[in-house]
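Enquirer: Give the three-dimensional model of this entry:
(one chain, ligands or ions: 1)
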Amino acid sequence: MKKKSNNFNLILIFCIVFCSFSFANNLNTSFLDSIDSLKKYYISLFNIGAAINKDIILGLDMESKHIVESQFNSITPENSLKWMFIQPSPNSFNFKDADKYVNIGLKNNMHIVGHVLVWHSQLPDFMQKIESKSEMNNHFESHINTVVSRYKGKIDAWDVVNEAFNDDGSLRESIFYNLLGNNYIEKAFKLAHDADPKAYLIYNDYNLYKTKKRGGVIRMVKGMKSKGIKIDGVGVQAHWSLNHPSLDEIEQIILDISKLGVDVLFTELDISVLPNPWELVGAEVNQNFSKFEGDPKMNPYKEKLPKSIQNKLAKRYKDIFKLFIKHSDKISRVTFWGVMDKHSWLNDWPIKGRINYPLLFDRKYQAKKAHKALIELGSINND
Ligand code: G3I
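Expert: Down below sits the predicted model:
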């Protein structure tokens, strides 16, 4: 009899703890329920999504997770599917976080993006040390086949290759280029297609408003299509700022890429409100501006974002989305590179330790004027 009462007590304690935890979570997120939803207005035009970080994937940031589930119909893993995390050592795969990421998408019936199969950055150390073509080829084929096959029928779209071009339109001399030659891009797309013939395949890059860089991508896409290699879309990362690039430059990207017979996607949209050192643009992550750290001129809004800049950010997002709506027949997805300002990579790039405000939700998970502007625009467009 004693034993039974012990078990009963344990079950009772578990129920109390579980109920109070989920109640607390609901309390934390119930204030988000009143916020109008972006996907309600935009899902008829294009998939609308957000990049989600490890804390969201592991359920450690329930407020952001609630925002993602209520505002968006698509998700992208900010880091959890990158080579350094998935295959940290040769032929040793770790899919724990990636599986959790995919399950969030499946549970919410979302459009699930895989980011990223082939990228010169965030590679594990062993990849950097490879010197032979045959060894590189083996890992290249094994990684793409293992990862895409695992999520066949679950991940809808893959960033197959990321940032393969320089600003002048030449191919970046990455370890993939140097060891496998300039057709490593085509090889990656073929491998991904073979592993999951139904997956939607994307080439992803930044600074595509630069005519020469866009020209290199256009030549690549034309070459692949002439050979019958499946490529469905070109991802424009869209790490932009308040005044750069211009709306005309953005529109030209859309027009030039859609002429190729592929979709245009805006895959990593965020809008920095901070000054860029040396008129820096794009997302070349290898640049280092440590000497500007602590420079108040480079971090002007440490306490809060002035109303005037909030309004500028809202107008910038609204102007960009007016363009997206105008060309929604050419655009298949718009994804924000993050959920709320505090977790944006732009707080530490290109200068560490800054306070940036690039996204639609602020540091208290409140919807910003920029979010309101997109809701208003979307509701007018839906009328
Ligand atoms: O995982 C480690 C953690 O163990 C460690 O304690 C911590 C210490 O700083 O670092 C963690 O790794 C960080 C990683 O994000 C995961 O959080 C790296 O330092 C950090 O450099 C890395 O930054 C990511 C960046 O890619 C890497 O280049 C950003 O979060 C991510 O937003 C950014 O995303 C890229 C896209 O994938 C491709 N397009 C450009 C975009 C911006 O660079």
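Enquirer: I'd like the mean pLDDT over the helix or strand hosting Val118, please.
Expert: Assigned by DSSP states H and E, Val118 belongs to strand 111-119. The average pLDDT within strand 111-119 is 98.
Enquirer: go on, stretch 257-276?
Expert: Mean predicted lDDT for stretch 257-276 stands at 97.
Enquirer: Can you measure across it, start residue to end residue?
Expert: Terminal residues of stretch 257-276 lie 27 Å apart, using Cα to Cα, to the nearest Å.
Enquirer: distance between it and the chain's centre?
Expert: Relative to its parent chain, stretch 257-276 has a centroid offset of 11 Å by Cα atoms, centre = their mean, to the nearest Å.
Enquirer: re earlier: okay, now the sheet partners of the strand holding Val118, with direction.
Expert: strand 74-77 (parallel), strand 157-162 (parallel) (DSSP bridges).
Enquirer: Quick check: what element follows the first one along the chain?
Expert: Okay, so that is strand 74-77. Following strand 74-77 in sequence, per DSSP H and E, is helix 83-86.
Enquirer: CA atoms only: put the following helix or strand past that following helix into PDB for me.
Expert: Toward the C-terminal end, the helix or strand that comes next after helix 83-86 (DSSP H and E) is helix 96-107. Presented in PDB, the C-alpha positions along helix 96-107 are these (Å, rounded to 0.1, in the frame of the first residue of the first chain):
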ATOM      1  CA  LYS A  96      19.900  16.000 -32.700                       C
ATOM      2  CA  ASP A  97      19.200  19.700 -33.100                       C
ATOM      3  CA  ALA A  98      18.400  19.500 -36.800                       C
ATOM      4  CA  ASP A  99      15.800  16.800 -36.100                       C
ATOM      5  CA  LYS A 100      14.200  19.000 -33.500                       C
ATOM      6  CA  TYR A 101      14.200  21.900 -36.000                       C
ATOM      7  CA  VAL A 102      12.500  19.800 -38.700                       C
ATOM      8  CA  ASN A 103       9.900  18.500 -36.100                       C
ATOM      9  CA  ILE A 104       8.900  22.100 -35.300                       C
ATOM     10  CA  GLY A 105       8.200  22.600 -39.000                       C
ATOM     11  CA  LEU A 106       6.300  19.300 -39.400                       C
ATOM     12  CA  LYS A 107       4.200  19.900 -36.300                       C
END
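Enquirer: Where does pLDDT dip in this protein?
Expert: For the chain, the stretches flagged by pLDDT under 70 are 1-6, 11, 13-28, 278-287.
Enquirer: OK, contacts around the residue in it that the ligand sits nearest to?
Expert: Taking Cβ to the nearest ligand atom as the measure, the chain has Trp345 as its residue closest to the ligand, at 3.5 Å. (C-beta placed from N, C-alpha, C; glycine too.) Trp345 is in contact with Glu78, Trp337, Gly338, counting by Cβ atoms under 8 Å, 6 or more residues apart in numbering.
Enquirer: Just the buried ones out of the residues you listed, please.
Expert: With neighbours counted by 16 or more other Cβ atoms under 10 Å, the contacts of Trp345 contain buried members at Glu78, Trp337, Gly338.
Enquirer: Can you give me every residue that contacts the second one?
Expert: Same thing as Trp337. With contact set as Cβ under 8 Å, 6+ apart, Trp337 has these partners: Ala50, Ala51, Glu78, Gln237, His239, Glu268, Leu269, Asp270, Ser344, Trp345, Pro358, Leu359.
Enquirer: Which residue comes closest to it once chain neighbours are left out?
Expert: Leaving aside its chain neighbours, Trp337 sits nearest to Glu268 (4.0 Å; criterion: Cβ to Cβ, 6 or more residues apart in numbering).
Enquirer: is it true that the one you found lies in a strand?
Expert: Yes. The assignment for Glu268 by DSSP: H, G, I helix; E, B strand; the rest coil puts it in a strand.
Enquirer: how many neighbours does it have?
Expert: Residues within reach of Glu268, counting by other Cβ atoms under 10 Å, total 25.
Enquirer: before we move on, what about the one 4 residues further on?
Expert: Summarising burial for Ser272: neighbours were counted as other Cβ under 10 Å, giving 22.
Enquirer: where does it fall, phi/psi-wise?
Expert: phi -70, psi 140 (degrees, to the nearest 10).
Enquirer: right, and it touches Leu346 too?
Expert: Yes. Between Ser272 and Leu346 there is a contact under Cβ atoms under 8 Å: 5.3 Å.
Enquirer: For my notes, confirm Thr335 occurs in a strand.
Expert: Yes. Counting by three-state DSSP, one finds Thr335 located in a strand.
Enquirer: Enumerate the beta-bridge partners assigned to it.
Expert: Going by DSSP bridges, Thr335 forms beta bridges with Gly49.
Enquirer: tell me the contacts of it?
Expert: 47-51, 74, 76, 113, 265-269.
Enquirer: Now do the strands in the chain.
Expert: 47-52, 74-77, 111-119, 157-162, 200-205, 233-236, 239-241, 263-272, 331-336 (DSSP state E).
Enquirer: For the third one, list every residue counted as buried.
Expert: Within strand 111-119, the residues scored as buried using 16+ other Cβ under 10 Å are His111, Ile112, Val113, Gly114, His115, Val116, Leu117, Val118, Trp119.
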